[in-house]
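Student: with the input below, show me the fold.
(3 chains)
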Amino acid sequence: MGGCVPLYAVIFITIFVTLFGALLLFAASKVGKVYKDKVKDETYECGIAVQDKVDTKISIKFYLTAILFIIFDIEIIFMYPWAATYKEFIASGNGLYSLGAMGIFMGVFIFGLWWEIKSKALEWE
Amino acid sequence: MTAEVFLFWFLAIVTVVSALGVLFMPNPIYSAFSLIMTMIGVSALFALLGAYFLAGVQVIVYAGAVLVLFVMVMMLFDLKSEIKAFTKGTLGGVFKIGSVAVLAGLILSAIMVTTQGVAIKFQGQADFGMQPTRLLGNKLFTQYVIIFEILGALLLVVAVGAVALSRSKGGTHARRID
Amino acid sequence: MGSDIFEVTVNALKLVTIFLVMVSLVPSLVWLERRGAAFIQDRLGPNRVGPLGLTQLAADAVKFIFKEEFVPAKAIKFMFYGAPVFALLPASLALCALPLGPIINIIPFEAFGQTWGPYIFSIQGYEASLGILFVLAASSLAVYPILMAGWGSGNKYSLFGALRGSSQIISYELAMGLAILGVILIFGTFNLNEMVTAQNGPLSFSAFDYSMTLSFLPNWGIFYQPIGAFLFLAAAFAESNRLPFDLPEGESELVAGFHTEYGGLKMNLFFIGEYGHMIVASALMVIFYFGGYLIPGVSPEQVTQFLSGFIDSQNMTAVLSGLIHLGAFSIKVFIFLWIFIHVRWSLPRFRYDQLMELGWKTMLPWALGNLILTAVIMAAIH
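Tutor: From the prediction side, this is the model:
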């Protein structure tokens, strides 16, 4: 099987699923009855008039979570090739070298995590 | 036209069109979603070349992490007034066209330099499985191990910086919380 | 997708079937969930429509389709409609990459006055050679439908729900990635098929030139990665927004989270996406830690040999053996799906700060510790 076989299949299923969902929604929109009503079209707010704008200010913690996620995600991605080659390194007798190289990297990772916990960056109040 | 060439053109067109979408969408959130599409298209092109690890990383890191931040920030903060000031008017137009011109020049010169004397050939038929990834791991932990460790330290610095910037007390942007 | 029309058709049909099975599993799971919940809470659950309430599914489907089409005035149309459609994609892309059964070798056969074959079919949508990476990449895109729905609805509850949901998903993705790293360390590959084949046979440890075989236990990943398996399961609950991690839909604070403004079939598509994530998570759990499609104590070759005692046709034997393994895989997956359902009715919901604390301060360090422990033990016993 050639390398591009899965790619064709992935593109095929992507298009199929998107069309499936879109057609289903389209069909459902034609079937049910629609009663237009100005009050009904309003944004949901448990029975009273709408209180806030959508774009109100939101806690910076979400932003911090996202940026810390990127950093840790990149570090974890770098561990993937290491995990894939670790067995080979062990088999060739260089297991401790590989473990040490990753150990330093992981030490930095753990230090970062420890520092963030200590500096209360991950605290939600 | 072989299957790979067809696939290449299909993916290339999708990628370029969504990249143009990033530039010309009126709403920055739509631009961000176009950028996600661009990243996925680039990743599919990597996969076509047999670089599966790179393709996976491209989606996981860029589409799955960096752009989540972009989209979240755009939803979090009311950017509308800033964006209007930036994109409207002659200054915005000049900046847009200027940046596109500079980028296009850079990319063109990069292509001309790197493809000099290189015959472009599709490698799409080959599937080496885990072999390229193992090779990458080997290189990363032998030849480039110092750079790899420095990278770890760099990421730590970024994390510290992000935490420091977002602090409400004692940071550079100290402000009272009531 | 293949060299001739037969192969292309089979491969395309496989993809479509896997997707449609995922979609049609959802109503059955919903029925199971409602009945199961009722029995756990000592009530009857849906029992009016048909025997055991089984046709409740059809009634629900009809109701979903005939619901009024409703778009709030402040909604952004493209995002509002796009979100439920794209909610289907990550789960179905990931599910198609999972090995559901062994490879079927078809020897040449005669049909329609022509010789066809030989073919090699895998019971799998497509074989991504770096399977784990593909699955992780596909499921890392699951944040966007939620964000699109939250932003597109033009409702602050939706937006808050979406932000909470996406922060939760990305936070637990880290613990999940680290738990999977332990599995990769053990098997030394990203390929899911190779992982499953490596779990064949009885459990055997080898350390310090001394090896021990426990013939009554299968060689499953759970015996090498017990902590990793538990962390993976917990992270999978959070990734699929299931209780006790269903904060994005915390009714008491956020109405219904990111799908507050959704109803009818649009809501149903989100549902399919959510259950799809559950199915993918259960299937991954089985592949990583519980031997995938392998039947404990019996290797695929033995099954084929056993079958060839009854059936002459070699092709029929191969197909039947594939289907038997597919059945074994489905049974294992269903056990985990039941765990998902049971947990929902056993545990209360976390508070948001507890949720983030658990993800970052408990699961991340534990997953790191598990990884380091695995690596050190692997280096030590050599």
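Student: where do the strands of chain C begin and end?
Tutor: C:103-106, C:109-111, C:114-116, C:119-122, C:202-207, C:210-218 (DSSP state E).
Student: next one: C:A149 from C:T362, what distance?
Tutor: Computed as CB to CB, to the nearest Å, the C:A149 to C:T362 distance reads 29 Å. C-beta here means a position set from N, CA and C on the backbone, and glycine is covered the same way.
Student: again, but for B:A110
Tutor: In terms of CB to CB, B:A110 sits 46 Å off from C:T362.
Student: who's more crowded, these two?
Tutor: C:T362 (13 against 10; other CB atoms under 10 Å in any protein chain shown).
Student: who's in contact with the residue nearest the centre of chain B?
Tutor: Per CA atoms, centre = their mean, the C-alpha nearest to the average position across chain B is that of B:Y62, at 5.7 Å. By CB atoms under 8 Å, 6 or more residues apart in numbering or on different chains, the contact set of B:Y62 is B:M39.
Student: so it sits in a helix?
Tutor: Yes. Assessed by DSSP: H, G, I helix; E, B strand; the rest coil, B:Y62 belongs to a helix.
Student: now stretch C:96-115: buried residues?
Tutor: Neighbour-count burial for stretch C:96-115 flags C:96-104, C:106 (criterion: 16 or more other CB atoms under 10 Å in any protein chain shown).
Student: show me the shaky parts of the chain.
Tutor: Going with chain A. Counting by pLDDT under 70, chain A contains low-confidence ranges at A:1-5, A:39-41, A:44-57, A:125.
Student: that's the wrong chain, I wanted chain C
Tutor: Within chain C, the segments meeting pLDDT under 70 span C:1-3, C:207-209, C:247-256.
Student: okay, now the domains of chain B?
Tutor: B:3-128, B:144-178 (automatic domain parsing).
Student: tell me the residue of chain C that sits nearest chain B?
Tutor: C:S140 (2.8 Å; CB to the nearest CB).
Student: what about that residue, how many neighbours?
Tutor: Neighbours of C:S140 (other CB under 10 Å): 25.
Student: from chain A, how far out is it?
Tutor: Distance of C:S140 to chain A, computed by CB to the nearest CB, to the nearest Å: 9 Å.
Student: continuing past the helix or strand bottoming out on mean pLDDT in chain B, what's the next helix or strand?
Tutor: Counting by mean pLDDT, DSSP states H and E, the weakest-scoring helix or strand in chain B turns out to be helix B:80-87, with a mean of 60. Helices and strands here follow DSSP states H and E; after helix B:80-87, the next one along the chain is helix B:89-114.
Student: can you name the element that comes right after that following helix?
Tutor: Moving toward the C-terminus from helix B:89-114, the next element (DSSP H and E) is helix B:131-142.
Student: C:I339: what's it in contact with?
Tutor: C:L233.
Student: buried sites along stretch C:324-341?
Tutor: Those buried within stretch C:324-341 under the rule 16+ other CB under 10 Å are C:324-325, C:328-330, C:332-334, C:336-337, C:340-341.
Student: with stretch B:63-80 instead?
Tutor: Applying 16+ other CB under 10 Å to stretch B:63-80 flags B:63-76 as buried.
Student: which one of these sits closest to C:F66?
Tutor: Within the buried residues of stretch B:63-80, the smallest distance to C:F66 is 33.3 Å, found for B:M75 (CB to CB).
Student: next one: stretch B:38-55, is it in contact with chain C?
Tutor: Yes. Using CB under 8 Å from any CB of the partner chain, stretch B:38-55 reaches chain C at B:43, B:52-53, B:55.
Student: export the residues you listed to TSV and tack on secondary structure, distance to chain A and neighbour count?
Tutor: TSV is the format used below for those (DSSP: H, G, I helix; E, B strand; the rest coil; distance: CB to the nearest CB, whole Å; neighbours: other CB atoms under 10 Å in any protein chain shown):
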residue	secondary structure	distance to chain A	neighbour count
B:S43	helix	11	24
B:Y52	helix	8	26
B:F53	helix	7	24
B:A55	helix	9	25
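Student: now for C:M176, how many residues are close by?
Tutor: Neighbourhood size, C:M176 [other CB under 10 Å]: 26.
Student: the one 3 residues further on now?
Tutor: The number of residues packed near C:A179 is 27, by other CB under 10 Å.
Student: and what of C:L32?
Tutor: Using other CB under 10 Å, C:L32 is surrounded by 15 other residues.
Student: ok, it - contacts?
Tutor: Contacts here follow CB under 8 Å, 6+ apart; on that basis C:L32 touches C:337-338, C:341.
Student: from chain A, how far off is it?
Tutor: For C:L32 relative to chain A (CB to the nearest CB), the value is 23 Å.
Student: buried residues in the longest helix along chain A?
Tutor: Ranked by number of residues, the top helix in chain A under DSSP state H is helix A:61-91. Applying a neighbour-count criterion of 16+ other CB under 10 Å, the buried positions in helix A:61-91 are A:61-87, A:89-90.
Student: near chain B too, which of those?
Tutor: Applying CB under 8 Å from any CB to these, one finds that A:61-64, A:66-71, A:73-75, A:77-78, A:80-82, A:84-85, A:89 fall near chain B.
Student: low-confidence ranges, chain B, go.
Tutor: B:1, B:76-89, B:92, B:116-128, B:168-178.
Student: how about it: which residue is closest to chain A?
Tutor: B:G137 (3.4 Å).
Student: what's the burial count for that residue?
Tutor: Neighbour count for B:G137, taken as other CB under 10 Å: 24.
Student: what's the answer for the one 4 residues further on, then?
Tutor: Taking other CB under 10 Å as the criterion, the count of residues near B:F141 is 22.
Student: who touches it in this structure?
Tutor: By CB under 8 Å, 6+ apart, the neighbours of B:F141 are A:82, A:85, A:89, A:97-98, A:101-102, B:148.
Student: those residues also near chain C: which ones?
Tutor: A:85, A:102.
Student: now for the contacts of B:F141: which two are most distant?
Tutor: Maximum distance among the contacts of B:F141 (CB to CB): 14.3 Å, for A:F89 and B:F148.
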